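A.B. asks: build me a model from this:
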Amino acid sequence: ARQIERNGELAVCDIDVCDEQGRAVAEVRRFCVERVNHQQASGDINDYLYQFHWEPRRLRGTRVERTCQFPSSDELVRSAERQLPAAWKDHALDQFHQQILPTMERVILDAIQNAWLDLGWSFRPGERFTTEEFIDHHSIAAEHRDLARSQLHWLAVDGALQADDEGWRVERTLERADLEGRLNELANGSPRFAPDVALVGATAPELAGVLSGRTVPLALFFPGGSNELLERYYTQGFDFPAYRDLIASTISEAIKSLPPRRFIRVLEIGGGTGSLTRAVLESLPADRTEYLFTDIGPGFVASAKERFAEFPFVEFRTLDIESDPAKQGVPGNSYDLVVATNVLHATEDIRQSLAHVRSSLAPGGMFLCLEVVNRTPLTDNVFGLLRGWWRFADHELRPESPLLDRGQWESALSQSGFDEVRSFS
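C.D. replies: So this is what the prediction gives:
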């Protein structure tokens, strides 16, 4: 060993390692050590509440020379599909999709009618109007005109309007509904799905205020600055718990073939409230994982840093996947697994975002994502209250809604250079 630098308590050395015959077998350059002073207890009680110990840490960039040798996409999808019936049963998804979801969508459709009555709807059956005339007549705030257009679509689906070459024709008179009564009945009869009912209850009665610009949508989703409403929804609502478990089990299946001593580098995009994060972290080998949690919002990143402090192999960073990750401190071609849940549809250009995702993957890496694929009154009139829902600009791919169906997602992924694209639902 040769000391090449000394600065106070820190020393830097070059080390040559030889076998018994004196032949060089390894070189260690710029090995850095720093003196740690173990101070004796001074009598202060705080001095007795900590201890020094060494923790082994892998040198970044080592033990990743080979690919992770993941199973094929077909194998992983087959494994997930075998677990799907049990997941639906465990989370009562048949009841949710056959009873709860249709009832909530009926509540949303009634809420749309109430909102337009509150805003001065005066059209009678047989009358006609264009979309722009309708929006101008009701003084819709500029940032919510896309929401208003979508509501005309849903009124037509519900039979209140009929689209024609001149715009819209009124088919029936709108009637005011008892939203509060419907929501109370739904909440009392379906306590298992309380997070879904709570989110609809927080937003549906406020549609008129949002459309007119009097109500700030973010205040509905984060009442009093708390993210509890959304956190409960993403961790317990809709079919997210079932598919979160399926993603975690798919990752567990994928890493069974991880070569011995091989580390796995994971990037989570748009981690948000961390609803998926814990399940994924618990499915990974703690002694062989590097995990980077990212989100575009600094608040979400700060919250996640506190929530997942028990996992020492996790790092945290803000990341806007619409921009080049490498320019934001996230190195390209470096992650064996990239996961994202319900985030890519919220970007302006899905193909560009997918290109950025692909640029982050290491050779042999895998991208695993969860996305809502069905446009419903619920999606448009809950999350559609937020301007970000309508910010998509790739209208040749997404003319009216930010959501793609399964076939469109598979096509977009393939066109973006991903191989072995498979999906399940």
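
A.B. asks: I'd like the next helix or strand past the strand or helix carrying residue 74.
C.D. replies: Using DSSP states H and E, residue 74 maps to helix 73-90. Next helix or strand after helix 73-90 toward the C-terminus (DSSP H and E): helix 93-95.

A.B. asks: can you give me the offset of that following helix from its chain's centre?
C.D. replies: Relative to its parent chain, helix 93-95 has a centroid offset of 23 Å by C-alpha atoms, centre = their mean, to the nearest Å.

A.B. asks: so for that helix, what gets flagged as buried?
C.D. replies: residue 93 (16 or more other C-beta atoms under 10 Å). In this view, the C-beta of every residue, glycine as well, is placed from N, C-alpha and C.

A.B. asks: helices and strands around it, which ones?
C.D. replies: Contact here means 3 or more C-beta pairs under 8 Å, 6 or more residues apart in numbering; DSSP states H and E; on that basis helix 93-95 packs against no helix or strand.

A.B. asks: in this structure, which residue is closest to the centre?
C.D. replies: residue 341 (3.3 Å; C-alpha atoms, centre = their mean).

A.B. asks: tell me the contacts of that residue?
C.D. replies: Counting by C-beta atoms under 8 Å, 6 or more residues apart in numbering, residue 341 makes contact with 244, 247, 270, 272, 275, 276, 369, 370, 371.

A.B. asks: all strands of the stretch 151-300 of the chain, in order?
C.D. replies: Remark: strands assigned in the stretch 151-300 of the chain by DSSP state E, counting those that start in this stretch are 161-164, 167-170, 264-269, 289-295.

A.B. asks: including mean pLDDT, distance to residue 190 and mean neighbour count, could the ones you listed go into CSV?
C.D. replies: What follows is the strands of the stretch 151-300 of the chain, written out as CSV (pLDDT from 0 to 100; distance: least, C-beta to C-beta, whole Å; neighbours: other C-beta atoms under 10 Å):
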stretch, mean pLDDT, distance to residue 190, mean neighbour count
strand 161-164, 94, 30, 14
strand 167-170, 95, 34, 18
strand 264-269, 97, 31, 25
strand 289-295, 96, 31, 23
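
A.B. asks: columns distance to residue 361 on top of the ones you listed, output as JSON lines?
C.D. replies: Output for those, formatted as JSON lines (distance: least, C-beta to C-beta, whole Å):
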{"stretch": "strand 161-164", "distance to residue 361": "43"}
{"stretch": "strand 167-170", "distance to residue 361": "46"}
{"stretch": "strand 264-269", "distance to residue 361": "9"}
{"stretch": "strand 289-295", "distance to residue 361": "13"}
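
A.B. asks: these: which one's closest to residue 351?
C.D. replies: Counting by C-beta to C-beta, residue 351 lies closest to strand 264-269 out of the strands of the stretch 151-300 of the chain; the figure is 15.6 Å.

A.B. asks: what's the angle between the closest one and strand 289-295?
C.D. replies: 10 degrees (axes from the mean of the first three to the mean of the last three C-alpha atoms, to 10 degrees).

A.B. asks: would you list the strands that strand 264-269 pairs with, along with their directions?
C.D. replies: Applying DSSP bridges, strand 264-269 is found paired with strand 289-295 (parallel), strand 335-341 (parallel).

A.B. asks: next, format those as CSV and append distance to residue 198.
C.D. replies: Formatted as CSV, the strands paired with strand 264-269 follow (distance: least, C-beta to C-beta, whole Å):
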stretch, distance to residue 198
strand 289-295, 23
strand 335-341, 20
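
A.B. asks: closest to residue 257 out of those?
C.D. replies: Comparing the strands paired with strand 264-269 by their distance to residue 257 (C-beta to C-beta), the top pick is strand 335-341, with 11.9 Å.

A.B. asks: how far is the closest one from where the chain is centred?
C.D. replies: On C-alpha atoms, centre = their mean, the centre of strand 335-341 falls 11 Å from that of its chain.

A.B. asks: show me where pLDDT drops low in the stretch 51-200 of the chain?
C.D. replies: 51-62 (pLDDT under 70).

A.B. asks: quick one: the helices in it?
C.D. replies: For the stretch 51-200 of the chain, the helices defined by DSSP state H, counting those that start in this stretch occupy 73-90, 93-95, 101-118, 131-137, 145-157, 179-189, 194-203.

A.B. asks: among those helices, which comes closest to residue 398?
C.D. replies: helix 145-157 (12.0 Å).

A.B. asks: buried ones in stretch 13-28, by neighbour count?
C.D. replies: residue 13.

A.B. asks: same check on stretch 214-234?
C.D. replies: Within stretch 214-234, judged by 16+ other C-beta under 10 Å, the buried ones are 215, 217, 220, 221, 227, 229, 230, 231, 232, 233, 234.

A.B. asks: follow-up on the earlier one: can I get the helices of the stretch 51-200 of the chain in JSON lines with distance to residue 402?
C.D. replies: JSON lines is the format used below for the helices of the stretch 51-200 of the chain (distance: least, C-beta to C-beta, whole Å):
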{"stretch": "helix 73-90", "distance to residue 402": "25"}
{"stretch": "helix 93-95", "distance to residue 402": "24"}
{"stretch": "helix 101-118", "distance to residue 402": "17"}
{"stretch": "helix 131-137", "distance to residue 402": "19"}
{"stretch": "helix 145-157", "distance to residue 402": "10"}
{"stretch": "helix 179-189", "distance to residue 402": "26"}
{"stretch": "helix 194-203", "distance to residue 402": "17"}
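
A.B. asks: among the strands of the stretch 151-300 of the chain, which is nearest residue 258?
C.D. replies: Closest of the strands of the stretch 151-300 of the chain to residue 258 is strand 264-269, at 6.2 Å (criterion: C-beta to C-beta).

A.B. asks: give me the contacts around the closest one.
C.D. replies: By C-beta under 8 Å, 6+ apart, strand 264-269 touches 64, 68, 255, 258, 276-277, 280, 284-285, 288-294, 319, 321, 330, 334-340, 343-344, 357, 360, 362.
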